[in-house]
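Q: When you get a sec, could you give me coordinates for this:
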Amino acid sequence: MGTQQSGVLNLKIADILKDSKILVTARNTAITLLQEDQNLAKEENLSIKKAFMKMTKSSKIWSNIS
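A: Reported below is the predicted structural model:
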């Protein structure tokens, strides 16, 4: 109550309309990556895992998205 919860999504790092093509590509790439290496255990994915673990330590993770 009292906070904006609907309408246009104002992302901090992307414009959902202008950047839709790259956002779809990024989403599909992430899905493929996780299908191939669910635990991000492969050498080439360790930096992604490290960044994710660092982000999720914060209880304010959703403020990084919008």
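Q: in this structure, which helix or strand is least confident?
A: Least confident helix or strand of the chain, by mean pLDDT, DSSP states H and E, is helix 46-56 with a mean of 91.
Q: hmm, who's touching whichever strand or helix holds Ala26?
A: Using DSSP states H and E, Ala26 maps to helix 20-36. The contact list for helix 20-36, computed with Cβ atoms under 8 Å, 6 or more residues apart in numbering, reads 14, 16, 40, 45, 48. Where you see a C-beta, it was placed from the backbone N, CA and C, and this is true even at glycine.
Q: Try it again at 7 Å.
A: 14, 16, 45 (Cβ atoms under 7 Å, 6 or more residues apart in numbering).
Q: Can you say which of these are buried?
A: Buried subset of those (neighbour count, 16 or more other Cβ atoms under 10 Å): Asn45.
Q: For Met53, state which of the contacts of helix 20-36 is nearest.
A: Nearest to Met53 among the contacts of helix 20-36: Asn45, at 12.2 Å, using Cβ to Cβ.
Q: So that closest one sits against Asp37, correct?
A: Yes - contact between Asn45 and Asp37 holds when scored by Cβ atoms under 7 Å: they sit 5.3 Å apart.
Q: returning to what we had before: give me the helices and strands touching the least confident helix or strand of the chain, please.
A: Where contact means 3 or more Cβ pairs under 7 Å, 6 or more residues apart in numbering; DSSP states H and E, helix 46-56 is not packed against any helix or strand.
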